[in-house]
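Asks: structure of the sequence below:
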Amino acid sequence: MRKILVLACIMLLLVPAVVLVGCGGGDTGQAKQYVKQGDQLANERGSKNTELLDAWRTVRQATDSAAKATAWEQAESIYSEVQALVQKEKAEYAKIEGLKGVEDYAKYAELKIQELNAFDEMLKVTNDFLLKLNNNGFGSQQELEAANQKYQAEAQKLQEENEQANKEAEQLKKDKNL
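Replies: Residues are numbered from 1 along each chain as shown. The predicted structure follows:
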């Protein structure tokens, strides 16, 4: 009987301690803040990316060399802005890595960084292809077609990586209520 009473007392003391450790332990508040900031930057990047796609379309559609050069300068400027946003976004998510007790947030951040890496590489591949196209860097129509096929395949692969990481991150965020 005495052993049961001692065990009951120990359990009564341990349960609140375990509950306190599980609730609000670690750096959850800070992780939430970094996720919020990263997600806000993602929204900003989304609208800026639309501007970039429009600028690249304008470059491709321009027939006059002066108009094409002006459009390319505009596209390059927006491209730089999007790249800067990607780096800021990655930096916000990367801050989560050093926090304690936020494994789900760390996994989310890892997925978002994977998404951003694929997105960044996709932008680079597209910009490089369009730069060469804009500068008439293809010797022949066959070279252009081969480069276009290679670009399309690489961009598609990166787009799939980007979408998969985003899908997993959003599912984790939903499932874990991050």
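
Asks: next up, the contacts around Thr28.
Replies: Residues in contact with Thr28 (Cβ atoms under 8 Å, 6 or more residues apart in numbering) are Gly101, Val102, Tyr105. The C-beta positions use only the backbone N, C-alpha and C, and glycine is treated the same way.

Asks: for the last one, list the residues it contacts.
Replies: Contact criterion Cβ under 8 Å, 6+ apart gives Thr28, Ala31, Lys32, Tyr34, Val35, Ile96, Leu99, Leu178 as the residues in contact with Tyr105.

Asks: helices or strands up against the helix ranked longest in the chain?
Replies: Taking residue count as the measure and DSSP state H as the definition, the longest helix of the chain comes out as helix 141-176. Contact here means 3 or more Cβ pairs under 8 Å, 6 or more residues apart in numbering; DSSP states H and E; on that basis helix 141-176 packs against helix 103-134.

Asks: distance from the helix it packs on to the middle of the chain?
Replies: Its chain's C-alpha centre lies 7 Å from the corresponding centre of helix 103-134 when counted by Cα atoms, centre = their mean, to the nearest Å.

Asks: equivalent analysis for stretch 133-142, please.
Replies: Average the C-alpha atoms of stretch 133-142, do the same for its chain, and the two points are 32 Å apart (Cα atoms, centre = their mean).

Asks: point to the residue nearest the middle of this structure.
Replies: By Cα atoms, centre = their mean, the mean C-alpha position of the chain lies nearest to Leu116, the distance being 2.9 Å.

Asks: so that one makes contact with Lys90?
Replies: Yes. The pair Leu116 and Lys90 passes the contact test of Cβ atoms under 8 Å, sitting 5.1 Å apart.

Asks: what score does Leu5 have for pLDDT?
Replies: Looking at Leu5, its pLDDT is 37.

Asks: immediately after the worst-scoring helix or strand of the chain on mean pLDDT, which helix or strand?
Replies: Of all the helices and strands that make up the chain, helix 2-22 has the lowest average by mean pLDDT, DSSP states H and E, namely a mean of 40. If you walk from helix 2-22 toward the C-terminus, the next helix or strand you reach (DSSP states H and E) is helix 28-61.

Asks: tell me the buried residues in stretch 95-105?
Replies: Lys95, Ile96, Leu99, Val102, Asp104, Tyr105 (16 or more other Cβ atoms under 10 Å).

Asks: actually stretch 122-136, not the one I wrote
Replies: The neighbour-count check on stretch 122-136 (16+ other Cβ under 10 Å) flags Met122, Leu123, Val125, Thr126, Asn127, Phe129, Leu130, Leu133, Asn134 as buried.

Asks: closest to Leu85 out of these?
Replies: Proximity of the buried residues of stretch 122-136 to Leu85, judged by Cβ to Cβ, is greatest for Leu123, which lies at 10.8 Å.
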